[in-house]
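*Asks:* With the sequence up front, the predicted model follows.
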Amino acid sequence: MGGFIFWKTWMWLTIITYSNTKFPQIPATTCDPDVKIVPVAIRTDNYAYLIIDKVTQEAAVVDPSGSPLTFSGSFPFEWLTTPSPPFPMCTPQKPDPKAVLDTLAVEGDEVKLTAILTTHKHWDHSAGNARLLKLFPTLRVYGSAIDATPSANQKVYDGDEIRVGRLLFRGLESRVHTKGHILYLLDQPGSSHPPALFSGDAVFIAGAGRFFESTAAEFYQLVQRLGKLNPLTTLFPGHEYALANLKFAETLDQNNSVLQAKLGAVRALRATGLSTTPSTLQEEFLYNPFFRSSDPRLPR
């Protein structure tokens with residue numbers, strides 16, 4: 001029965017998330033004073049993330065994309081009515097990762113982009129790879145060894161470690177959304193600060209990605225794995241879907257006080273155009289219905 005909850009949520013989120021037209025203003029985020037994480041607003045609701053080692057000034061960017069776009073079919077409405085939709089239904093034309101480049105410029109010439117961490121192959125997360133690689137020919141472009149990640153020159157397998165300056169990332173194979181979807185965990189050895197998880201389209205605040213090439217069972221396995229990480233791990237998803245996801249979660253769990261408090265906080269942030277990212281894994285296990293498929297309080 002948990003599979004029905006996954007499918008029902010997946011379809012509902014698809015319909016409502018594309019109605020979000022007010023994209024957030026985004027402050028830089030950091031838990032460690034030597035690390036700076038800058039969410040970068042792309043398109044209508046995508047996030048890239050610029051992650052800077054403030055000691056060495058080396059930086060990585062997660063999921064750069066760009067615009068403009070050309071569309072085939074009536075997007076996204078045709079997509080919504082197709083049981084097993086082809087992807088993508090629209091493709092980038094001369095993608096320009098301007099938002100990422102503008103953010104780099106704001107950080108100053110001393111910051112050197114040395115790596116791209118691509119979570120999965122879909123164009124809205126990878127379309128900027130080729131352009132950035134042309135501008136910075138020595139870039140290491142990481143992508144799944146399973147997905148055909150555009151412009152990737154470094155294959156990522158489960159558990160692989162990636163260094164950017166002093167920063168240590170670990171690739172976590174999820175097999176959610178796409179077969180080769182990778183999550184990147186920034187977890188500094190010996191640090192007293194919580195790790196950061198860049199989850200692409202596999203996990204969202206109070207939600208989960210569509211199962212294009214995956215199943216509810218594979219998502220359940222991912223949740224079990226995430227449950228073994230530090231509960232204070234901060235979650236940086238690939239889209240601004242929090243408000244829509246929490247509204248749906250409320251329909252399943254109206255008496256959840258933690259969910260109500262989170263929904264109120266997110267409503268306030270979105271009303272002023274502010275970003276809702278990040279959350280923590282600890283929070284997600286309290287209000288994300290995808291993380292709670294065995295919870296007897298949720299409908300079956």
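*Replies:* Happy to help now that I have it. Numbering: from 1, shown residues only.

*Asks:* contacts and neighbour counts: CA atoms only from here.
*Replies:* OK.

*Asks:* Do you have the strands of the stretch 101-250 of the chain handy? List them.
*Replies:* Using DSSP state E, counting those that start in this stretch, the strands of the stretch 101-250 of the chain run over 112-117, 140-144, 154-156, 161-164, 167-173, 182-186, 196-200, 203-204, 207-208, 234-237.

*Asks:* Any chance of JSON lines for the ones you listed, columns mean pLDDT?
*Replies:* Shown next, in JSON lines, are the strands of the stretch 101-250 of the chain (pLDDT from 0 to 100):
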{"stretch": "strand 112-117", "mean pLDDT": "97"}
{"stretch": "strand 140-144", "mean pLDDT": "96"}
{"stretch": "strand 154-156", "mean pLDDT": "96"}
{"stretch": "strand 161-164", "mean pLDDT": "97"}
{"stretch": "strand 167-173", "mean pLDDT": "96"}
{"stretch": "strand 182-186", "mean pLDDT": "96"}
{"stretch": "strand 196-200", "mean pLDDT": "94"}
{"stretch": "strand 203-204", "mean pLDDT": "93"}
{"stretch": "strand 207-208", "mean pLDDT": "90"}
{"stretch": "strand 234-237", "mean pLDDT": "95"}
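
*Asks:* what's stretch 112-121 in contact with?
*Replies:* With C-alpha atoms under 8 Å, 6 or more residues apart in numbering as the test, stretch 112-121 has contacts from 57-64, 125-126, 129, 136, 138-144, 147-150, 164, 178, 180-184, 199-201.

*Asks:* how long is that stretch from one end to the other?
*Replies:* With C-alpha to C-alpha, to the nearest Å applied, stretch 112-121 spans 24 Å between its terminal residues.

*Asks:* cool, stretch 42-49 as well?
*Replies:* Terminal residues of stretch 42-49 are spaced 10 Å apart (C-alpha to C-alpha).
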